Structure formats: C-alpha cells, structure tokens
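*Asks:* Kindly return the folded structure for what I paste below:
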Amino acid sequence: YMMAFQASGPHAADRALEAIASGYEELQRFPKTALWDKPMGKFNIQLNKEWRAVPKGVSVVIGCSTFPTWNTVPGMYASLITGNPVIVKPHPGAILPIAIVVAELQKVLVENNLDPNICQLGVDTFDKMITKELAEHKDVKLIDFTGNSVFGSYLEGLQGKAVFTEKTGVNSVILDSVEDADKVAANLAFSLSLYSGQMCTAPQNFYIPETGVKTPAGTLSFDEFTKKIADNINSLVDNPKAGPFVLGAVQNKKTSERVAAADQLGGKVILASRTFENPMFKTARVATPALLEVDASKKEVFSKELFGPIALLIKTKNTDQSIALAQEMAMEHGAISCGAYTTDPVVREKIADEMALAATPVSFNLTGGIYMNQNAAFSDYHVTGGNPSGNASFTNPEFINKRFTWVGHREPVKA
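*Replies:* Down below sits the predicted model:
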C-alpha cells in the first residue's frame, strides 16, 4: 500500500503540478500584444500585433499498468494547460487509480462551468483493445505513451501526430571505488528491492571490475562486494517491518515468471529470488530480487531490459570497459538512469562525459536515504529524450511547446 500511495499520490501530484507550471511559463513567454513601429523616413509604419497560443487538438494519454497515475498525469496536464481536450486510455489492468483522478478533475471542470468531457476516460479490455484505433484517429493530434518499445516505436512513426514516449531501457551501475562499501551495498540493495524492481529507473546491470572495488581499507574482490549486496538484500527482505513494504507487490504475472526463470539466463546465480507473505495482503504476488553473475563477454544476456527484481553483476576487465559497456547499452537500447561510484575525480568526469553523450543522467556516490531510482519534480528531468528509452522528457520546454502553436495577427494602427 505504501509503495502504491507514494507513487500514485504525492509524487504523481508533484509531476502534475510541474507540467502545469511549465505550461503556464511557456504560455507567458511572449507578450500577447505589441505595437510594431518602423521608421520609413518622413513617416512610420505602425502595426498592432497580437499572438495566440492555439491548441493542437485532441490528446490521447496511454497509461501503463505499474504506475497508472505517475506516468499519466504529466501528459494529461501538459495537454490541458495548453488547451487540448484529453482522452485518458488507461491500461486495462490498472484502470481505477487514474479513473479516480479523472473523476475528481471532472468535478472541478463542472464547478468552473466547463464541459466535464474536456478530460475523459477511454477504457478498453484485454479482449478488445482500442489503443490503435484512438491513436490513428484523424482528430487525435497528441499522443503520450508509457510502455514497451515496440508499440512506442509504432506510435512515434504515425504521421501528423506529436508523440511523447517513455519506453524500455537498460539502466546501469558503474562501480569503481567507494568511501564506504557497506553503505554503498545497502543503498544498492534498497534500490534493487524498491517496488520490486518495477520502476523504470531501477538498476539492472552492475559493472564491477574483475580486480574488485577499491576502498580506503583496501580492495574488495568481486566476490566480496557482490556478497555484501546479497547480504543486504536478505537483511532488508527478512525485516518484517521493512521488507514487505519496500518490495510491495509484483503487478504482472509475467514479471514473476521472468524472475522465477532468471537462473536460465546464462549467468551464475548469486542470490535466488524467493517469495514471502505480505502481512497486510497475504495473497499478494511477491518476489525478492535475484542476483546473477555474468561475464562481460555475454552481451546477449545483459543487452535487454529484464523488467522486475533481476540484477546482473557483470564482471569487466576494468572501469574503462564498465563505462564503455554502460554507454553502449544506453545508446543502443536506451537508459533512463545510471548510478556510479568512484572516489577518483578524473574517473568521475569520464563517466559524466561518456554517459552525457548517451543522454543518460548519472547519480554519483549515493548512500543513505537517496537512491538512483528516485527523480524529483522541478529539479530532475525524467527521461532525456536523447536515447532509445524515449523521445520526451518530464518536463522540459519541448514537452509543452509541441502541444500548441503560436499564431500571430497584425493590423495597421488607425490614425
């Protein structure tokens, strides 16, 4: 419950407000009217000029099942603030959360003497999907989408539509050197466990040099460091006051099946996934993180998203190879987040440079109560739009400006 509330409540509202504020800022960027005065020698030409922000048209916002409000409200409010009516097409497996939001929004519209259907639901079922029908409709000009890359790429290819996508990606952690190995292992264990690895920013590929991770007390071997991560996961999972509430539930049965079959991916199992009983929801579908050791030569294993609580501990020749692989994965398959640990300022700058070229933000040296999974509205861009994980970003000017057009009129000043 806590995981659902946090993501679908306060954090979703943050992103909604960010979209509204960004929309207001863009709509106020230029003056509504101006007097244009051009000296022509013995006389002046004077024109009254005015500009209008004209909405593009009907907006369809296609929701996902794991975060049905957080991923929906940015596009919904970005379209509304710029004057576009919105059809919210929720995932058929997660209708109620966003339905509650739309119902409340319609009440506000009525209170302000506006048509409640300015924002409405377009609900379908698994047996009869309407997403393509909506997306291809000639009156639909704006599409927001969160989901798999295949369908996202299809939407991006539609003609005459402005499409905003968040698709799949392969998120990395680069481990070079640390100040405190125990704090780092605890932080990464929590990141892996949070929402059962179902956040689009959750780490998956951990690049660790075969020579180990450098610390002030000496170098920890690959095996020693990976054991610390496994031990911290077990400690968190086995804590009845923390584990069930951090992990939450697994939304999709296919995710559970993927985790259960992780031992068939081709890596050495460091920590097998297991189930437990959530004290508040005894029949909930749950799974703890699985850890697998994989050699850097086996790109076929780690060059795809493995959605859910699965982490690949990839043994590299050195940190340079770790950086190169993380960049390659981001460029070719997309990445929404990246974590990195180094005490060397030169290495830090190299990671920052190389991952920036892959349009991937890096969280450096996080320990304690902040995790690479987390993005804050008003100070973190969610997705950059610069790699295959998506073409849009919450919330940069383009996310707003592509939803309306500036149209200018002019007329001579009457004498």
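*Asks:* outside of stretch 207-227, which residues touch it?
*Replies:* With contacts defined as CB atoms under 8 Å, 6 or more residues apart in numbering, stretch 207-227 is touched by 172-181, 185, 228, 270, 291, 293, 296, 313-319, 321-323, 325-326, 341, 343. All C-beta spots, glycine's among them, are computed from the backbone N, C-alpha and C.
*Asks:* Distance from the chain centre to it, please.
*Replies:* 30 Å (CA atoms, centre = their mean, to the nearest Å).
*Asks:* try stretch 184-191
*Replies:* That offset, for stretch 184-191, works out to 20 Å (CA atoms, centre = their mean).
*Asks:* what's the average pLDDT for that stretch?
*Replies:* Taken as a whole, stretch 184-191 has an average pLDDT of 97.
*Asks:* do the same with stretch 353-368
*Replies:* Stretch 353-368 comes out at a mean pLDDT of 97.
*Asks:* Buried by neighbour count: which residues of it qualify?
*Replies:* Using 16 or more other CB atoms under 10 Å as the test for burial, stretch 353-368 gives 354-355, 358-363, 365-367.
*Asks:* Repeat that for stretch 227-241.
*Replies:* So, applying 16+ other CB under 10 Å, buried residues of stretch 227-241: 227-230, 232-234, 236-237.
*Asks:* how about TSV for these, with pLDDT, secondary structure and distance to Asn391 added?
*Replies:* Shown next, in TSV, are the buried residues of stretch 227-241 (pLDDT from 0 to 100; DSSP: H, G, I helix; E, B strand; the rest coil; distance: CB to CB, whole Å):
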residue	pLDDT	secondary structure	distance to Asn391
Lys227	97	helix	40
Lys228	97	helix	38
Ile229	97	helix	33
Ala230	97	helix	37
Asn232	97	helix	36
Ile233	96	helix	34
Asn234	96	helix	39
Leu236	95	helix	35
Val237	94	helix	37
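*Asks:* what number of residues lie near His91?
*Replies:* Residues within reach of His91, counting by other CB atoms under 10 Å, total 22.
*Asks:* hang on, it packs against Thr69?
*Replies:* No. With contact defined as CB atoms under 8 Å, His91 does not reach Thr69; the gap is 11.3 Å.
*Asks:* re the thing from before, is it possible to mark the buried ones in the contacts of stretch 207-227?
*Replies:* Buried members of the contacts of stretch 207-227, scored by 16+ other CB under 10 Å, are 172-178, 181, 185, 228, 270, 291, 293, 296, 313-316, 319, 321-323, 325-326, 341.
*Asks:* Going by distance to Ala162, which of the buried residues of stretch 353-368 wins?
*Replies:* Ala359 (19.9 Å; CB to CB).
*Asks:* Give me the secondary structure label for Ile314.
*Replies:* strand (DSSP: H, G, I helix; E, B strand; the rest coil).
*Asks:* oh sorry, the question was meant for Ser273
*Replies:* Under three-state DSSP, Ser273 comes out as coil.
*Asks:* Does the closest residue to it other than its chain neighbours have any beta-bridge partners, and if so which?
*Replies:* Leaving aside its sequence neighbours, Ser273 sits nearest to Ala290 (CB to CB, 6 or more residues apart in numbering; 4.0 Å). In this entry, Ala290 is beta-bridged to Ile310, by DSSP bridges.
*Asks:* Can you give me the end-to-end span of stretch 286-299?
*Replies:* 29 Å (CA to CA, to the nearest Å).
*Asks:* Glu179 against Thr343, yeah?
*Replies:* Yes. The pair Glu179 and Thr343 passes the contact test of CB under 8 Å, sitting 6.1 Å apart.
*Asks:* residues near Gly339, how many?
*Replies:* Neighbours of Gly339 using other CB under 10 Å come to 25.
*Asks:* And it, how far from Val184?
*Replies:* According to CB to CB, to the nearest Å, Gly339 stands 10 Å off from Val184.
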